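Colleague: Here's my sequence, what's the structure:
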Amino acid sequence: MEKVNMSMNRRKFLGYLGTGTAALAAASAGLGTLAPVAKAASTADHLTGFEDMKLKPHAKPHAFFKPIMPSLDDELILPEGFSYDVLAAYGDVINQNGDTFGFNCDFTIFFPINESNERGLLWVNLEYVNDAYMKEQYMPAFMQGTPIDTKRRYHQGGAIIEVFKDNKGNWKMDTSSKYARRINGFTEFDLVGQAAGSSAIGGQTKAVGTWANCSGGMTLWNTLLSCEENFETQANRSNLPSEHYGWVVEVDPFDENDENFKPCKHTSLGRFNHENTCMGITKSGRIAVYMGDDKTNACVYKYISNSKFDPAKGKANSKLLEDGALYVANLQQGRWVKLDAAEVAKRVHDTKFSVPNVLKMRDQSVQSLRDMFPINATQAHVMVNTHEAAIILGGTPTDRPEDLEINPFDHSIFIAHTNNAVHGNIHGHITRIFEKEDDFESMEFMFEIFAAGGRQSGFSAPDNLTFDSDGNLWVVTDMSESNIGKGVYEWHGNNGLFVLPTHGQNEGEAFQFASGPQGCELTGPWFTADEKALFLAVQHPTTNWPRRKGDVDPLPAVVAIKGFKGNNLDNGQNSGGNNKNKNN
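Modeller: Modelled structure (predicted):
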């Protein structure tokens, strides 16, 4: 091999070692910017369909905004030239049936209508409730006077709202929408995949309700995936089987009456405290889905379908998420370990088996694990008890792996490891995985700590992630409300939104774009395809934000941020460019 260009720093060189021969050859030749080119429609995100996208050399986030300073002010603070519109807040009526927007909005995803960047459906996760806010004034008429648990279940799940930009440039919700509806704790779901109908879930093929919906992702066939995270409390309150929750939920936002596609829970993606999903196409044409388990000492997962993606099949591709293999990351060895039921059973029933320390901390014993995985265990047992199976087979416990996102330009995978005070990692970090030969189907990988939280970086507790067309990573933070502005967190101010370039001279540096109202966390950033609007959820504010006329409580709300000039992909004022996510 030719001598490597010595002007390249060691970190950049090692990064290209993890990405494949083409990139390394470019590095060796001394090519200047080494800006990657996006692969053809191979990741599911707001940039899907832009097949000839190229990164701008040495993108600088401060070229399109002036970074703000940390703040403890009770307002959603944005850079000069940017503003926001409140689209929907807790208790707002969303449709002609009188359904209302639920509590503690989180993940958002925008689905264009007729390829428009100015009108579409916005899915919003509704994660959890605060009993103090289960007041009659926030209930739809048909919920008045119902028991507290009925109110709790109604106000979780998700909301589909129709949003548009009016002729004055303001974003609004259209309550006359034929699509607007609620998915909640009473919605019926099909249980599909490897655990469906098995004894591990009581022989059931149906589940009632979804809740604890934290983050999620989109599919390549234009449906949404919503993730059930801290599901245990509501399951117990509702006296419903815990095994029916902790899954990845799939919903078609446009058609609730499609006889060929019903809202479902994908048991082949495993059951744990799901944060989100990110989806890509492997080099062989299969679907890969990356996921994190949002708890301390938990693992990172990858699912690979057995069959290949066929764009012509549309929503029928959902079947790909039912038949495949689930893997866990072993970071010490840089490899993906298949979660195989026979191997798990073999290990736990070995006379020399001892409980891993991580499972001891969760009060597991040899006998409880043998009960969990009988000698004749099936994949259903592994899907229902995924965390335990992963640890037994050598999955690496990590520091709260929350959001994972695929960089659409070089196919590296970014993981927000939020924090783990037990390990002394109080500010968290962002991990970057490089699959061997840039192939999502690879069983080997390298990784690096892309950015560490703390004073030196300016952010703490990274949570949700998204990318823009310049290759910048957008990161929101999730410090505990009790820590904000205090002690070793004082420098940070309120939770915020940060922009980190992933290439160029500012790679890994954090530039603050937004600061949230007091007590809140900012969640679920999602761009329109032309990147002229950014949707963002403001969860659990504690004072009186958003202060609209008539508001008397602090209300979780989803906003549209405007002021962006747009990306280099837009082919027209209202067009989605080459975006193929078309709906009527």
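Colleague: count of residues packed around Phe535?
Modeller: Using other CB atoms under 10 Å, Phe535 has 25 other residues around it. All C-beta spots, glycine's among them, are computed from the backbone N, C-alpha and C.
Colleague: Run through the bridge partners of it.
Modeller: Assessed by DSSP bridges, Phe535 has beta-bridge partners Trp526, Ala560.
Colleague: List the contacts of it.
Modeller: 87, 108, 110, 122, 524-528, 558-561 (CB atoms under 8 Å, 6 or more residues apart in numbering).
Colleague: what does Ser480 give?
Modeller: Applying CB under 8 Å, 6+ apart to Ser480 gives the contacts Ala461.
Colleague: in the stretch 151-300 of the chain, which spans are strands?
Modeller: 157-165, 171-173, 181-183, 188-192, 206-208, 213-218, 224-228, 248-251, 264-266, 274-281, 286-293, 296-298, 300-308 (DSSP state E, counting those that start in this stretch).
Colleague: Save these as a markdown table, and put in mean pLDDT, distance to Asp399 and mean neighbour count too.
Modeller: Formatted as a markdown table, these follow (pLDDT from 0 to 100; distance: least, CB to CB, whole Å; neighbours: other CB atoms under 10 Å):
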| stretch | mean pLDDT | distance to Asp399 | mean neighbour count |
| --- | --- | --- | --- |
| strand 157-165 | 98 | 28 | 24 |
| strand 171-173 | 98 | 36 | 20 |
| strand 181-183 | 98 | 31 | 23 |
| strand 188-192 | 98 | 31 | 18 |
| strand 206-208 | 98 | 31 | 18 |
| strand 213-218 | 98 | 17 | 27 |
| strand 224-228 | 98 | 19 | 28 |
| strand 248-251 | 98 | 22 | 25 |
| strand 264-266 | 98 | 26 | 25 |
| strand 274-281 | 98 | 13 | 27 |
| strand 286-293 | 98 | 11 | 25 |
| strand 296-298 | 97 | 7 | 22 |
| strand 300-308 | 98 | 11 | 20 |
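Colleague: looking at this structure, which helix or strand does the model trust least?
Modeller: Ranked by mean pLDDT, DSSP states H and E, the helix or strand of the chain with the weakest confidence is helix 21-28, at a mean of 41.
Colleague: Relative to the helix or strand following that one, what are the paired strands and their orientations?
Modeller: For helix 21-28, the following helix or strand on the C-terminal side (DSSP states H and E) is strand 83-89. Applying DSSP bridges, strand 83-89 is found paired with strand 557-562 (antiparallel).
Colleague: Quick one: mean pLDDT over the strand it pairs with.
Modeller: With pLDDT averaged residue by residue, strand 557-562 scores 98.
Colleague: got it, and stretch 429-437?
Modeller: On average, the pLDDT along stretch 429-437 is 98.
Colleague: Same question for stretch 48-61.
Modeller: 57.
Colleague: Gly471 is nearest to which of the strands of the stretch 151-300 of the chain?
Modeller: Closest to Gly471 of these is strand 274-281 (CB to CB; 15.8 Å).
Colleague: I'd like to know which elements that closest one is packed against.
Modeller: Contacts defined by 3 or more CB pairs under 8 Å, 6 or more residues apart in numbering; DSSP states H and E place strand 274-281 against strand 213-218, strand 224-228, strand 286-293, strand 401-406.
Colleague: Just checking: what are the partner strands of the longest one?
Modeller: Okay, so that is strand 286-293. Using DSSP bridges, the strands paired with strand 286-293 are strand 274-281 (antiparallel), strand 300-308 (antiparallel).
Colleague: Strand 401-406 and the longest one, what's the angle between them?
Modeller: It stands for strand 300-308. For strand 300-308 against strand 401-406, the angle by axes from the mean of the first three to the mean of the last three CA atoms, to 10 degrees is 40 degrees.
Colleague: which other residues reach the helix or strand following strand 300-308?
Modeller: Moving toward the C-terminus from strand 300-308, the next helix or strand (DSSP H and E) is strand 324-330. Residues outside strand 324-330 that contact it (CB under 8 Å, 6+ apart) are 268-270, 286-287, 299-306, 336-339, 382-383, 386, 390, 393-396, 433, 443, 445.
Colleague: how about stretch 364-377: buried residues?
Modeller: Residues 364, 369, 372-373, 377 are the ones in stretch 364-377 that count as buried (16 or more other CB atoms under 10 Å).
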